[in-house]
Structure formats: C-alpha cells, structure tokens
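Undergrad: structure, please.
(chains A and B)
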Amino acid sequence: MTIAVKDVRVEDKLFQNRYLVDVGRPHITVRPHETPSPNLLALTKVCPAKCYEQNDKGQVEITADGCMECGTCRVLCEASGEIEWNYPRGGFGVLFKFG
Amino acid sequence: MIEEKFDAIVIGAGMSGNAAAYTLANRGLKVLQLERGEYAGSKNVQGAIMYASMLEKIIPDFREDAPLERHLVEQRFWMMDDTSHTGMHYRSSDFNEEKPNRYTIIRAQFDKWFSSKVREAGATVLCETTVTELARDTNGKVIGVHTDRRGGAIFSDVVVLAEGVNGLLGTRAGLRDMPRPETVALAVKEIHFLPEEVICQRFGLTGNEGCVIEAAGTFSQGMTGLAFLYTNRESISLGVGCLVSDYARTMESPYALLEEFKSHPSVKPLLADSEVKEYAAHLIPEGGYKAIPQLFGDGWVVVGDAAQLNNAVHREGSNLAMTSGRLAAEAIFQVKSRKDPMSAENLALYGKMLEESFVMKDLKKHKDMPALLHTNSQNFFMTYPQLISAAAQSFVRVDGTPKIDKERATMAQFVKNRSRWGMVSDAVRLAFAWR
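TA: Next up, the predicted model:
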C-alpha cells in the first residue's frame, strides 16, 4: 500500500497546539555538517512536528518552535553527536491541554 | 532557593512521579516534587486508558473526584488491510460494575487532579522547574539536584527519577543507557471532539460506557505498529505508533500514517464532523524485560517509563508506572523507618518488591515478544492482515464458486505468501514467546 494521503500539512495540526516559545534559546541544535547522515536525513520525514528540513545545500536544519519534545531525534541522532538536545527552560515549550 | 534538606526529591509529575510523591508524602516524609511543565500534565501524553486497581492501591476513593471519562464495556481488536477490518469484539455488561475496572482519561486533566492530591498529602510541588543535573558526592552517591532556577543544589536523602521515556538526567549521569531506536515507538495522537450523544450513538454506548478499538495492519506500511481509538466523554483520542528504527528505515512520516488510519473506510465514519483540538507526539518504551535498566543505586531509584516499564503486548503502561512509583516509595519509607542510609544495598528492596509484583512477572513472561514482532514485522503487520482479509472475504462472499474451491484458493494464498514452513515457524515462535 502506498500512502494515499500525500499532502498532509503538519503545520495545520501544530496550529491546534499551545506553545510558549523561548525566543532565541532553541533547545535542540544541529551540528554543522556538509552531508547529513542517513539518520539525520530521516528526521526530515520522521520528526512528527516537521522541525527538520533540508536547505538548498542539502544540509539539515532545525526550527524547534513546533517541537512536541517527544525525543525521536534524540534517540536517532544524539549518540552520534549530530544534534544536541536539552529540555526547554522550565515552563517553556509545548503545553498540552489534553495530552 | 530552597535551603532545607528533603527526605526525597521526585523528578517529574507523570503517573509514576505522582504515585511516588503521593505515597511518600502520605507516609509523612518530607517530599519535593519538581516538574518542568507549567502544570502537572502539560508535558505528558498517553492514549489514554487508566486501570483502576493500581490507582486504588494508592488512592482508594479516587472515583469520588478524579476526572474520569468513560468506563470501558467493549474492546475491539482489528486486523486491517486497505479496505477492510477483521475484528474481534468483546463486550460485557459485567463491566458496568459498581467499581469499574478501567477508564479512559485525558492526561492533562487527570495529572492535574493527581497533583492536587500530592499537594494535599503534604508534598511541595514546584512546576516550571527543569532539573539540569543530579548532585553527587565524592563517592558518586546521588545527594540532590541542580535546577534551572537561581540558587544552588537542593539536597535529599534519595532522588526518584520519574522523568519519563526521554529522561535526560539518568542517561547523562550514566545510570542507564539511552533508549535505542529499536526499543522505542513513536506515537502520534489527535483528540477529536464530538457531542456526547453522537459518540454514544456511533459506538452503541449508554451514559458513561466506553469502547476501545486497537488495530494492527497495512496502515503501518509493514512497520511494527499499532493504532488505537479510545472514546472519551465528548471526544475521541486516536493515534498510531511504530518503532523509531522502522520509521528511520522506511522514511515514512508519522502524521501521514495517522491520516491514512483516519481515512480508512472503517475509521472515517466514526470521526465524521469532529473537531480536532490537539496533535501530540510521544515515545513509548517497547523493549520489554530485556530493555529494563538498573533500577536503583546509591541515593536514587528509577520508575515508570524512564525504567522502560511498559507492557507493549498488553498495551499497559500507566499501571506499571503507578505501581513502580508506589513500590519505590514504600521501599524508601521502609529504609527511612529503619533509619538506614539510602544506599544501593538498602534500596535493592525496591527491586525485590518490583520482582515480586505483576510488573516484572508480566514483562518477564513476554520477554521474547518484542524481538519476534520487531524482526518479523513485514509478515505480522502486512502479509497476514492481507491474507486474513482475503480469507474472510472469500468466506462471506457468495458468488457461485464451490466452497471447496474457495478453501483451496485461500490455503494456496497463505502458502504462496508465507510458505508452509513460514507459517508453522511463525505459529511456534509466537506460541513460545507468549508462553
């Protein structure tokens, strides 16, 4: 089976959520690189908030504003040192109303 | 910030943290609980089903004021291909008992309630506080925590790590390994609001009765995964979860899978005209018994998801979390009562109590299931659902083909797709893993 529902806009989903963004203090950063590893590249598809995207040079960048703090990217890329992961400061980040 | 020393510091206000903090405070210990969210529950995500008897052991009269959605009277298991589901339904009015066995809950609301009980029991609960590091003495014994608030370390005899599946502290302190892509699933979830009477009508429910659907099949694209649909009072929680290693391999997007599940002809009518109010994501520990880390050490214990205490086969997590939190607290209380130090040797009591409880017995029983399902996912989550659907359709469709021909064709399909040896091997391995 192929995924029939191709054009899912995750932005529309994230719009439902409540966030308190800690402006200028992203809690996840990507290490500078030339070519992304397979796991880092996978994050552009696998991150449930679509925080990771490839720039025009093919490098993977992160915008952590919509992050739901699930930790998937940490599990895939922290051990190799490709990303640095911390919790947002107390009170910041996603705030689930239902959870 | 806080000068005094505590008997115990509990990190996290989820199921296990609240269970531990409540039990400790209720026994008169001086407890500090730290939670990084704005309120207890603001960072927590679960399906969510709550099992009454595990909470009863902590707060016997919880039904009086806990925010419960529906008690469950019906369970459906579905095996799905692209156009069909083959299901088993179990429904019994026995579940309409005076003290029902399990309920759907909404975690943000439930955790707020549980946290209010923790405060009432006398614990100090500090939200919006992220613990940044464990404080240790020269011998490596955990003696407290550092937080992102101003001021120095806060000290305690013992620290309860209830920091969840993605807990940073224990892994960074070298107390346990990071979860691996093969031992955690990524689940995404939406909550769909509908009028109460519409939910009752669509699922054949009366009053506070609830229904659960849990499904496996082709929507997970051959990955090890499960979908769920839980009825709340005025909403439906639904989601899809698959192993992180499978996601990385297939490069599928979790939200695309969720849309696929929602658009399935068996699911779509159940959600019609609903209003989505939240989209959440969370990791679920799936490694089972073999992934459980060291559970205690000098000055610390680890409970709940952080300790990988989740029974994926029976889809039970929060009851293992609550039970481990309670048992850790009871062990700490016993050590404290004897005026003994919170050493690894003495805290081993927690490990022993957990071994003797259903938590470890259940996880041990299914210790080979994760490996079986994870390495055989294409068969269990793609081939078999398709074969079973075809067999069921052939069985019920009346078209003039002689029954004997239909049966032969069905058998031939199974043999062609999975081979006789493959089927026997799957059956034997499944039986052994289940044993």
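Undergrad: which stretches of chain A form helices?
TA: Taking DSSP state H to define them, one finds helices in chain A at A:10-14, A:38-46, A:72-77.
Undergrad: deepest in the core, which of the ones you listed is it.
TA: Ranked by mean neighbour count, these are led by helix A:72-77 with a mean of 25 (mean count of other CB atoms under 10 Å in any protein chain shown). Every C-beta, even on glycine, is put in place using the N, C-alpha and C of the backbone.
Undergrad: now that one: mean pLDDT?
TA: Averaging pLDDT along helix A:72-77 gives 98.
Undergrad: quick check, that helix touching chain B?
TA: Yes - using CB under 8 Å from any CB of the partner chain, we find that helix A:72-77 touches chain B at A:72, A:74-76.
Undergrad: which residues touch stretch B:21-34?
TA: B:2, B:4, B:6-13, B:17-18, B:58-59, B:114, B:117-118, B:121-126, B:129, B:131, B:145, B:147, B:154, B:156, B:160, B:325-326, B:329-330, B:332-333, B:336 (CB atoms under 8 Å, 6 or more residues apart in numbering or on different chains).
Undergrad: narrow these to just the buried residues.
TA: B:6-13, B:17-18, B:58-59, B:114, B:117-118, B:121-126, B:129, B:131, B:145, B:147, B:154, B:156, B:160, B:325-326, B:329-330, B:332-333, B:336 (16 or more other CB atoms under 10 Å in any protein chain shown).
Undergrad: out of the residues you listed, who's near chain A?
TA: B:129, B:147.
Undergrad: mind listing which of the buried ones among the contacts of stretch B:21-34 are in helices?
TA: Using DSSP H, the members of the buried ones among the contacts of stretch B:21-34 that fall within helices are B:17-18, B:114, B:117-118, B:325-326, B:329-330, B:332-333, B:336.
Undergrad: nearest to chain A among those residues?
TA: residue B:114 (12.5 Å; CB to the nearest CB).
Undergrad: do I have it right that that closest one meets residue B:18?
TA: Yes - at 4.3 Å, residue B:114 and residue B:18 qualify as touching, with contact defined as CB atoms under 8 Å.
Undergrad: got any residues that touch both of these two?
TA: Any residue near both residue B:114 and residue B:18 by CB under 8 Å, 6+ apart counts here, and that gives residue B:40.
Undergrad: ok, of the residues of helix A:72-77 next to chain B, which one's closest to residue B:289?
TA: Proximity of the residues of helix A:72-77 next to chain B to residue B:289 was ranked by CB to CB; the top entry is residue A:75 with 19.7 Å.
Undergrad: if we can go back for a sec, in TSV: the helices of chain A, plus distance to residue B:174.
TA: What follows is the helices of chain A, written out as TSV (distance: least, CB to CB, whole Å):
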stretch	distance to residue B:174
helix A:10-14	35
helix A:38-46	23
helix A:72-77	16
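Undergrad: any idea which of these scores lowest on pLDDT?
TA: Across those, helix A:10-14 gives the lowest mean pLDDT, at a mean of 92.
Undergrad: put the alpha carbons of that one into PDB.
TA: C-alpha atoms of helix A:10-14 as PDB (Å, rounded to 0.1, in the frame of the first residue of the first chain):
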ATOM      1  CA  VAL A  10       1.600  19.200   9.700                       C
ATOM      2  CA  GLU A  11       1.500  23.000  10.200                       C
ATOM      3  CA  ASP A  12      -2.300  22.800  10.300                       C
ATOM      4  CA  LYS A  13      -2.000  20.200  13.100                       C
ATOM      5  CA  LEU A  14       0.500  22.100  15.100                       C
END
